[in-house]
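Structure for the following, please:
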Amino acid sequence: MILSFRRMLIWVLLCCTSVFFLGGNIRNVSGDAGDDGVKLPILMYHHILKDSNKWNQFVISPQEFESDLKFLSENGYQSVVIEDLLLYQKGEKELPKKPVMITVDDGYLSVKEYMLPLLEKYEMRAVFSIIGRYTDEYSENNDINVSYAHVNSEDLAELSRGGIFEIQNHTYDMHKIKQGRKGAKISAGESKENYKKIFCEDVEKAQKMISNAISKDPTCFTYPFGFYSKESEEFIKEMGFSASLSCTEGVNLLSKETGGLYLLKRFNRPHGKSAKQIFVKAGLEAKK
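You can find the predicted model right below:
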C-alpha cells in the first residue's frame, strides 16, 4: 500500500506528543560540555520534495536541506553515524570536536533523489532508517514516483555501498497506529509474552530483509513516532542492537564512561525552521 500524505498528517500529531517522552541515560545539555563528554546534536528528516504544496512538519525542500548542510559545514560540524559512536565508546576512535548526526526516517525514494547529491557535495553522511514492508513492496513494482515511493532493495544496496548512508532498522510493519498499539510500543494491558512475540518477530523480519539487501546487520533501532517502553528497550538489547533513536528533543552528551547509546534524542526538522534556528534555541552557538 502506498503511504499517503493523509497518513503523514497523523504522524504530525503523534510526533508532536512523542517529544515529551523521557530519554535514556544520555543527558540533555546546553552550553559548553567541558570535560564531561561530547555534545551530539541529532537532526531528524523524513521526506524532501520540490512541490511547495507538500511541505509540512515532515517534508522540506531540497533548498532547505542544502541550507542546513551549508550551516553545519560553515560552523565546523562534522557528521557522524552510529558506527562512529560505537567505536568511540569502545575507545577505538575519537569523535570530531563538533559532531552532528543527520538521520532520515522511513525510507522515501526522495532521499536518494535529493539528499544523496547534497550530502556528497558537503562531504557528510547520514543514518537512514527504513520501514521494511515498504522497501519490500517497492521492490516488487516499478513505481518510482518520488512524491511517495520508497527505496527498493536495489536502492538500499546501492546507498549502502556508496558509503554516504548507514542503513538502520525502523521496524518491518509497526510504523502505524492500529488496534490500540502506538507504533512499536507495548499496548495497555498486553502481556509481556505476547508483546515480545509480536515485536521481536517484526523487528527480526526487518533485520533479515536489510541484511539480505546490504550484507550487513543494522546496529540501531529507530522507534516509529518515538513511542517506546521499557519492554521494547529490553528486547532490542536482547536482539543485539547497540543503540536506539527516539523522538525526544534535546542535545546528547556522550562519554566513554557512561556507556549506552539508547534513546538518543533528536530534533525534528520541519519546513520553515532551519537547523540554525534549532541549534540556537538548543544553546548551540553558531558563528555570526
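
Now stretch 40-58: buried residues?
By neighbour count, and taking 16 or more other C-beta atoms under 10 Å as the criterion, the buried residues in stretch 40-58 are 40-49, 54-58. For glycine as for every other residue, the C-beta is placed from the backbone atoms N, C-alpha and C.

which residues sit against the strand of greatest length in the chain?
Using DSSP state E to define each element, the chain has its longest strand at strand 99-106. By C-beta atoms under 8 Å, 6 or more residues apart in numbering, the list of residues contacting strand 99-106 from outside reads 3, 38-47, 72, 77-81, 84, 111, 115, 119, 124-131, 134, 150, 165, 170, 175, 222, 245, 264, 266.

Could you check that strand and say which residues are buried?
When neighbours are counted by 16+ other C-beta under 10 Å, the buried residues of strand 99-106 are found to be 99, 100, 101, 102, 103, 104, 105, 106.

same question, stretch 214-233
Burial within stretch 214-233, assessed by neighbour count using 16+ other C-beta under 10 Å, is assigned to 214, 218-229, 232-233.

Pull stretch 65-73 out as PDB, backbone CA atoms only.
In PDB, the C-alpha atoms belonging to stretch 65-73 read as follows (Å, rounded to 0.1, in the frame of the first residue of the first chain):
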ATOM      1  CA  PHE A  65      18.200  20.700   3.300                       C
ATOM      2  CA  GLU A  66      21.100  22.300   1.500                       C
ATOM      3  CA  SER A  67      20.900  25.400   3.700                       C
ATOM      4  CA  ASP A  68      21.200  23.100   6.700                       C
ATOM      5  CA  LEU A  69      24.200  21.400   5.400                       C
ATOM      6  CA  LYS A  70      25.800  24.700   4.500                       C
ATOM      7  CA  PHE A  71      25.200  26.000   8.000                       C
ATOM      8  CA  LEU A  72      26.700  22.900   9.600                       C
ATOM      9  CA  SER A  73      29.700  23.000   7.300                       C
END
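
who's in contact with residue 48?
Contacts of residue 48 by C-beta under 8 Å, 6+ apart are 59, 60, 61, 62, 65, 108, 110, 111, 113, 114, 115.

switch to 10 Å and redo it
By C-beta atoms under 10 Å, 6 or more residues apart in numbering, residue 48 lies in contact with 54-55, 59-66, 104, 108, 110-111, 113-115, 118, 146.

Quick one: buried ones out of the residues you listed?
A residue is treated as buried here by neighbour count (16+ other C-beta under 10 Å); on that basis the buried members of the contacts of residue 48 are 54-55, 59-62, 64-66, 104, 108, 110-111, 113-115, 118, 146.

Which of those fall in helices?
Using DSSP state H to define helices, the subset of the buried ones among the contacts of residue 48 located there is 62, 64, 65, 66, 110, 118.

Mind pulling the model confidence for the residue positioned nearest the centre of the chain?
In the chain, the centroid-proximal residue (C-alpha atoms, centre = their mean) is residue 103; its distance is 4.1 Å. The predicted local distance difference test score for residue 103 is 98.

So in terms of bridging, what pairs with it?
Bridge pairing for residue 103 (DSSP bridges) gives the partners residue 44, residue 127.
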